[in-house]
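**Q** just need the structure, nothing else, for what follows:
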Amino acid sequence: MLGGTFDPIHHGHLRSAIELREALGLDHVLLVPAHQPPHRAAPGVSSDQRLAMLEAAIEAEPGLKADGRELLRDGPSYSADTLASLRAEYGPQARLVMAIGHDAFLKLGEWHAADRLFDDAHVVVIERPDHDAPLPRALEALIQGREVDSVAALMARPGGHLLRLSLPTRMAISATFVRERLALGDSVRYLLPEAVIRHIEAHGLYCPSST
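**A** Numbers count the residues shown, from 1 in each chain. You can find the predicted model right below:
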């Protein structure tokens, strides 16, 4: 599972998802757009539109799947609830992984029901090579005794471990940067899949008149 607002989905998200699947030997990666993200302001584009852009982006990539389950729930989109629903769906022996970026990892100790995350899945942190600051105390307590140093050790159990993983490609693309360019009418070609650009243009998303 790779969650996010995907506002909009871009090549940085997609490349990370593909490299996660390869590095961990996953059957597939679920990309799960948040309906009401609990840790940031609500996106300016509707959940349905963000899901539609995601589906357009990965139509030709069988290893990636769009999952809209958080759009069906009222209230904040808590990852603990999403992982619990995935565990119920896939069964007790499936190896489930939630991947998060390093910035999100540093705040993991503050997440809703953070300890429940490890009840249902492993957590894989996409490392930032330039970041070596001490971990917050709540985070240290949360991950104590959970960290492993290899994919093999991670996959020895259905869940409960944490692995820090460096990916081969780190594309410095941010959705904020993409939205700013779209609002100015600047080109976003090669930042987004062409199918996503066509969807944005067809529905008038992110332009000043749409906000």
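**Q** and the helices in this protein?
**A** In chain order, the chain shows helices spanning 11-24, 47-57, 79-90, 102-106, 114-120, 137-143, 151-154, 175-184, 194-203, with DSSP state H as the criterion.
**Q** next one: the third one to chain centre, how far?
**A** I take that to be helix 79-90. For helix 79-90, the gap between its own C-alpha mean and the chain's C-alpha mean amounts to 15 Å (CA atoms, centre = their mean, to the nearest Å).
**Q** go on, the fifth one?
**A** The gap between the average C-alpha position of helix 114-120 and the chain average comes to 17 Å, counting by CA atoms, centre = their mean.
**Q** same check on the second one?
**A** Averaging C-alpha coordinates over helix 47-57 and over its chain gives two centres that are 14 Å apart (CA atoms, centre = their mean).
**Q** list the buried residues of it.
**A** Of the residues in helix 47-57, Ser47, Gln49, Arg50, Leu51, Ala52, Met53, Leu54, Glu55, Ala56, Ala57 count as buried by neighbour count, 16 or more other CB atoms under 10 Å. All C-beta atoms are positioned from the backbone trio N, CA, C, and that covers glycine.
**Q** and what of the fourth one?
**A** Applying a neighbour-count criterion of 16+ other CB under 10 Å, one finds Ala104, Phe105, Leu106 buried in helix 102-106.
**Q** tell me the pLDDT of the last one.
**A** So that's Leu106. What the model reports as pLDDT for Leu106 is 94.
**Q** now do the contacts for it.
**A** Contacts for Leu106 (CB atoms under 8 Å, 6 or more residues apart in numbering) come out as Ala133, Leu135, Pro136, Leu139.
**Q** how about the second one?
**A** Phe105 is in contact with Val123, Val125, Leu139, counting by CB under 8 Å, 6+ apart.
**Q** centre of the chain to the helix-or-strand element of the chain with minimal mean pLDDT, how far?
**A** The helix or strand of the chain with the lowest confidence, counting by mean pLDDT, DSSP states H and E, is helix 102-106 at a mean of 92. Once both centres are worked out by CA atoms, centre = their mean, helix 102-106 turns out to sit 12 Å from its chain's centre.
**Q** sorry, back to before: tell me which of the helices of the chain sits nearest to Leu30.
**A** Shortest distance between Leu30 and the helices of the chain, using CB to CB, is found for helix 79-90: 7.6 Å.
**Q** the closest one packs against which elements?
**A** Counting by 3 or more CB pairs under 8 Å, 6 or more residues apart in numbering; DSSP states H and E, the packing neighbours recorded for helix 79-90 are helix 114-120.
**Q** try 10 Å
**A** For helix 79-90, the elements it packs on are strand 2-4, strand 29-33, strand 97-101, helix 114-120, judged by 3 or more CB pairs under 10 Å, 6 or more residues apart in numbering; DSSP states H and E.
**Q** angle of it against strand 29-33?
**A** Computed by axes from the mean of the first three to the mean of the last three CA atoms, to 10 degrees, the angle separating helix 79-90 from strand 29-33 equals 140 degrees.
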